[in-house]
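K.L.:
Return a 3D structure for these sequence lines:
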Amino acid sequence: MSIIKIDINSPEFQAELEKTIKFTDKVVKQFNWEYNPQAEINEGVQLGLARNKIMYNKRFCPCFMVEVVDDKPQSVEDRVCPCTPAIEKEIPEDGVCHCQIFCTPEFAANKRVEMGMEEVVHQHSRGLTKEECEVLVSQSELDSDELTALLEARTLGMVNFKLVDVREHMEWQMGHIKGADKLVPTSSFFNTLGQSELDKNENIIVYCHVGSRSAHVARILTDMGYKKIGNLSHGIVSYSGQIER
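P.N.:
Model prediction:
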């Protein structure tokens, strides 16, 4: 099985996306939730829900893998939007669901305040030593500036790692981090992982839209024996470096 390619500009996909947006609007109203103030997060999740509806005839949560067993698609914890874990645990306890599209009014208000604050500049430098690069690349969680610093250091031959995008092919086409080495979509993860020829002993950094899918993938890779896995904590939406389209 190769990477599944869906044309997001096709009439079929655009019609399903329109239905999905109406669906998430209805969910927000039904549970008295709000959308995340970060519109790009919501748009990414809605694209993923529409994709899963076309592929599996269910709006499976796009942040979790879907496997087809005996011709029946299944996801972890049966995560069909709006999923039970979000309703019963994540939103009541954390104020936001795993995919971050749905949140409480209080969470949304705090997020708007955060977004309005002046961002603290996280400095990085091309002058990192090789030892500093090795320490940085071995971290399990990385932020945007840390990944930017590592990509810059890699161009100088200071450090080696593979940057792996675990989003879907259509998301990759819309824009991916410049310097990404592999696309291993969660929808065909185990099949495309074999084709990616990643070494279990090399440094690997994974990323997705907001960091949820990639965190899930990082845990799976670790369980499979991959030794050095890092995750871009808040995904490509937080990345301030160069994006290729």
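K.L.:
my read: Ile229 touches Tyr207, true?
P.N.:
No: using CB atoms under 8 Å, Ile229 is not in contact with Tyr207, being 11.6 Å away. Backbone N, C-alpha and C define where each C-beta goes, glycine included.
K.L.:
Tell me which of the two has more neighbours.
P.N.:
Neighbour count, other CB atoms under 10 Å: between Ile229 and Tyr207, Tyr207 has more, with 30 against 21.
K.L.:
need the contact list for that one.
P.N.:
147, 163-166, 177, 180, 214, 231-232, 235-236, 239 (CB atoms under 8 Å, 6 or more residues apart in numbering).
K.L.:
Could you list which of those belong to helices?
P.N.:
Counted as lying in helices by DSSP state H, out of those, are Leu147, Ser214.
K.L.:
Can you get me a residue count around Thr84?
P.N.:
When neighbours are counted by other CB under 10 Å, Thr84 registers 12.
K.L.:
Go ahead and confirm it touches Glu77.
P.N.:
Yes: in this structure, Thr84 is within contact of Glu77 by CB under 8 Å, at 7.3 Å.
K.L.:
Centre-most residue in this protein?
P.N.:
The C-alpha lying nearest the average C-alpha coordinate of the chain belongs to Cys208 (CA atoms, centre = their mean; 2.5 Å).
K.L.:
What separation do you get for it and Phe31?
P.N.:
According to CB to CB, to the nearest Å, Cys208 and Phe31 sit 25 Å apart.
K.L.:
now swap in Tyr56 and tell me
P.N.:
Taking CB to CB, one finds Tyr56 at 23 Å from Phe31.
K.L.:
More neighbours: these two, which one.
P.N.:
Ranked by neighbour count (other CB under 10 Å), Tyr56 and Phe31 place Tyr56 first, with 17 against 14.
K.L.:
Give me the contacts around the lengthiest helix in the chain.
P.N.:
Looking across the chain with DSSP H, the single longest helix is helix 11-31. Residues outside helix 11-31 that contact it (CB under 8 Å, 6+ apart): 6-8, 33-35, 42, 45-47, 49-51, 53-54, 59, 81-82, 87, 91, 101-102.
K.L.:
I'd like to know which of those are buried.
P.N.:
Buried by 16 or more other CB atoms under 10 Å: 6, 8, 33-35, 42, 45-47, 49-51, 53-54, 59, 81-82, 91, 101-102, out of the contacts of helix 11-31.
K.L.:
Cross the residues you listed against helices and list the overlap.
P.N.:
If you go by DSSP H, the buried ones among the contacts of helix 11-31 have Asn42, Val45, Gln46, Leu47, Leu49, Ala50, Arg51, Lys53, Ile54, Ile91 in helices.
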